[in-house]
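Q: Structure for this input, please:
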Amino acid sequence: MADGQVVLVTTEPLGGGSPVRSVYFVAEQDPEKAKATIGAMMAPNEKVEAWGRLPEAAVKALGLKPGDFKHS
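A: Coordinates of the predicted model:
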């Protein structure tokens, strides 16, 4: 097992208003691959960014296998 990534998704409401932010924990060490994993299921009004490293211990504690993710 290796480190993962914390991925932040910011959704701009179509009708206006404040953006909504969601956090995903991804069992993928490469930030670009982690972004692609989450970005593949997001809508055009959602911005996906790798926010930082998720330590290996946290990946294990969340029960994530390589390529898995969990929404917080």
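
Q: Can you list the low-confidence ranges for this protein?
A: For the chain, residues meeting the criterion pLDDT under 70 lie at 1.

Q: can you give me the strands in it?
A: Under the criterion DSSP state E, the chain contains strands at 4-11, 20-26, 46-54, 69-71.

Q: if you compare these, which one is most tucked away?
A: Most buried of the strands of the chain, by mean neighbour count (mean count of other C-beta atoms under 10 Å): strand 4-11, with a mean of 20. (Glycine included, C-beta is placed from N, CA and C.)

Q: Can you give the strand pairings for that one, parallel or anti for each?
A: Here strand 4-11 has these sheet partners by DSSP bridges: strand 20-26 (antiparallel), strand 46-54 (antiparallel).

Q: Show me what the shortest one is in contact with.
A: If I follow you right, that is strand 20-26. 4-11, 13, 34, 37-38, 51, 54, 58-59, 62, 64, 68-72 (C-beta atoms under 8 Å, 6 or more residues apart in numbering).

Q: Only alpha carbons, please: show that strand as PDB.
A: Extracted C-alpha coordinates of strand 20-26, given in PDB (Å, rounded to 0.1, in the frame of the first residue of the first chain):
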ATOM      1  CA  VAL A  20     -20.400  23.600  -2.500                       C
ATOM      2  CA  ARG A  21     -17.200  21.800  -1.600                       C
ATOM      3  CA  SER A  22     -16.800  18.000  -1.200                       C
ATOM      4  CA  VAL A  23     -13.700  16.000  -0.200                       C
ATOM      5  CA  TYR A  24     -12.700  12.600  -1.500                       C
ATOM      6  CA  PHE A  25     -10.000  10.300  -0.200                       C
ATOM      7  CA  VAL A  26      -8.400   8.500  -3.100                       C
END
